[in-house]
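Engineer: got a predicted model here, sequence first, then my questions.
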Amino acid sequence: MTEATATIPACFRGIVPPLATPLLDRSTLDESGLERLIEHVLAGGVQGVFVLGTIGEGPMLPPAVRRELIRRTLRQVANRVPVLVGITDTVLSESIGLARFAVEHGAAAVIAAAPYYFPVGREALERWARTLARALPLPLLLYNMPEMVKVVLAAETIRRLADEPNIVGLKDSGSDLDVFASYTQIVLKERPDWALLIGREQMLPEAYSLGGQGAVCGGGNLVPRLFVDLHAAIKADDQERVRVLQAQVLSLGRLYDVGTQPCRIIVGIKAALHEMGICGAATAAWSELLDARQRNQIADIISEFTAD
C-alpha cells in the first residue's frame, strides 16, 4: 500500500498508556486496584489502553493472570476506548493463544516484541514476525524494545515486513531518535496507513516532529491528562504550551531515577500509584525494595502533580 491518503486507525493514535498491572503479590491480580486504575486513566482522556506491556510486566505474569487481566480490563473499559494487548512471549503458540483470548473479549489489536532469551538473527526475526502476523485474529503492531529483548528491529526488517497486511504499525521503545526517523521514512513511503507510536515519553515532541502519531507513556498511569494535553498542544502547533508541558513530563520522570535497580521505572510508577491510593506497590518483576528515603522521594515528586 502506497497511497498517501491511507487512514491510520483512531485506536493507534494519541495517548495510549501502558497500564501497570495492580498486584496483591507476584501472581495475584488486585481486582479493585485494576478498576481504580482504569477509571483514573480514562478520566484523564486517553485515546486507548495497552495491557501486558513492559510497564504491565506481561512476560512476568502467569498465563492465568494474563488472561484474567485481559478479561477484566475489556469488561470494565466496555468499548469506551480501544484496548491493545501485549502478547510478547518466548513461545509462539502462547502469543497466538493470548491473541485469540483477547479477540474473544473485544481487544482492538495486539503488540509483540521479538522472542527473547535465545538470540534472534535478522532472517529469523522476519520469519517470526510473518508467521505470527499470519496466524493472528487481530491486527499486529511490532514492538521495538531492545533494552528488554536484546534485539533491535532494523529499519531494513521493517521495510521488508511492510508487505504484511496484518502488521499495522510499530511501537518504538528504543532510545535512538535516528532509528525512529528511519522507521518513519520507510512507513511514509511504504505503508502510510501504519501507526507509529513512541514509547519514550521524554522524546514525545521530537518523535511527533519526525512523523509519530501517538505515544505509549508510562507516566500516563499517573497523570494521564498531562500527556493528553501535550499531545493536543503538539497537534495544535502551540509551541509555548508544548514547552511548558514537556518540562512537566521531564519533571515527572524524576520518579524513574529513584534507586539504581534495573526495574526502577516499574517500581517508581507502582510506588507512586500506591501513594495516590490507586493500588499497591507489589511487582511481578524481582526488584529491590524501596527504603523509606526513596519512598519519600517518590511521594514528594507525585505530590507536585496531585495536589489540589
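Structural biologist: Looks like it arrived, so ask away.

Engineer: buried residues of the lowest-mean-pLDDT helix or strand in the chain, list them for me.
Structural biologist: One helix or strand of the chain scores below all others by mean pLDDT, DSSP states H and E: helix 146-149, with a mean of 90. Under the neighbour-count criterion of 16 or more other Cβ atoms under 10 Å, helix 146-149 has 146, 149 buried. (Glycine included, C-beta is placed from N, CA and C.)

Engineer: can you show me the CA trace of that helix as PDB?
Structural biologist: Extracted in PDB, the C-alpha atoms of helix 146-149 (Å, rounded to 0.1, in the frame of the first residue of the first chain):
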ATOM      1  CA  PRO A 146      16.000  -3.600  22.700                       C
ATOM      2  CA  GLU A 147      16.500  -2.900  26.400                       C
ATOM      3  CA  MET A 148      14.500  -6.000  27.300                       C
ATOM      4  CA  VAL A 149      14.700  -8.400  24.400                       C
END
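
Engineer: which intervals of the protein have sub-threshold pLDDT?
Structural biologist: 1-11, 308 (pLDDT under 70).

Engineer: can you give me the helices for it?
Structural biologist: Applying DSSP state H to the chain gives helices spanning 31-43, 63-77, 92-104, 122-135, 146-149, 155-161, 177-190, 204-210, 224-235, 239-252, 264-275, 292-306.

Engineer: ok, and for the second one, which residues are buried?
Structural biologist: Under the neighbour-count criterion of 16+ other Cβ under 10 Å, helix 63-77 has 65-70, 72-74, 76-77 buried.

Engineer: relative to helix 92-104, how tilted is that helix?
Structural biologist: Interaxial angle, helix 63-77 versus helix 92-104 (axes from the mean of the first three to the mean of the last three Cα atoms, to 10 degrees): 20 degrees.

Engineer: same question for the first one.
Structural biologist: Orientation check (the same axes, to 10 degrees): helix 31-43 against helix 92-104 gives 70 degrees.

Engineer: over to the last one?
Structural biologist: Inter-element angle recorded for helix 292-306 and helix 92-104: 40 degrees (by the same axes, to 10 degrees).

Engineer: counting by contacts, list what helix 292-306 packs against.
Structural biologist: Packed against helix 292-306 by the contact rule (3 or more Cβ pairs under 8 Å, 6 or more residues apart in numbering; DSSP states H and E) you find helix 239-252, helix 264-275.

Engineer: would you list the ones you listed in TSV and tack on distance to residue 179 and mean neighbour count?
Structural biologist: Below are those laid out as TSV (distance: least, Cβ to Cβ, whole Å; neighbours: other Cβ atoms under 10 Å):
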stretch	distance to residue 179	mean neighbour count
helix 239-252	21	15
helix 264-275	20	23
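
Engineer: can I get those in TSV with distance to residue 213?
Structural biologist: TSV is the format used below for those (distance: least, Cβ to Cβ, whole Å):
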stretch	distance to residue 213
helix 239-252	16
helix 264-275	23
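
Engineer: which among those helices is found nearest to residue 120?
Structural biologist: Closest to residue 120 of the helices and strands packed on helix 292-306 is helix 264-275 (Cβ to Cβ; 24.1 Å).

Engineer: dump that closest one to CSV, restricted to CA.
Structural biologist: The C-alpha trace of helix 264-275 is given here as CSV (Å, rounded to 0.1, in the frame of the first residue of the first chain):
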residue,chain,number,x,y,z
ARG,A,264,13.1,1.2,38.7
ILE,A,265,10.7,2.7,36.2
ILE,A,266,8.1,0.0,37.0
VAL,A,267,8.9,0.3,40.7
GLY,A,268,8.6,4.1,40.6
ILE,A,269,5.3,4.0,38.9
LYS,A,270,3.8,1.4,41.2
ALA,A,271,5.1,3.2,44.3
ALA,A,272,3.5,6.4,43.0
LEU,A,273,0.2,4.7,42.3
HIS,A,274,0.4,3.4,45.9
GLU,A,275,0.9,7.0,47.2
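
Engineer: can you list contacts of it?
Structural biologist: By Cβ atoms under 8 Å, 6 or more residues apart in numbering, the surrounding residues in contact with helix 264-275 are 20, 22, 33, 37, 54-55, 57, 218-219, 221-222, 255-259, 261, 279-283, 285, 287-288, 290, 294-295, 298-299, 301-303.

Engineer: recalculate using a threshold of 7 Å.
Structural biologist: 20, 37, 55, 57, 218, 221-222, 255-256, 258-259, 261, 279-281, 283, 285, 287, 290, 295, 298-299, 302 (Cβ atoms under 7 Å, 6 or more residues apart in numbering).
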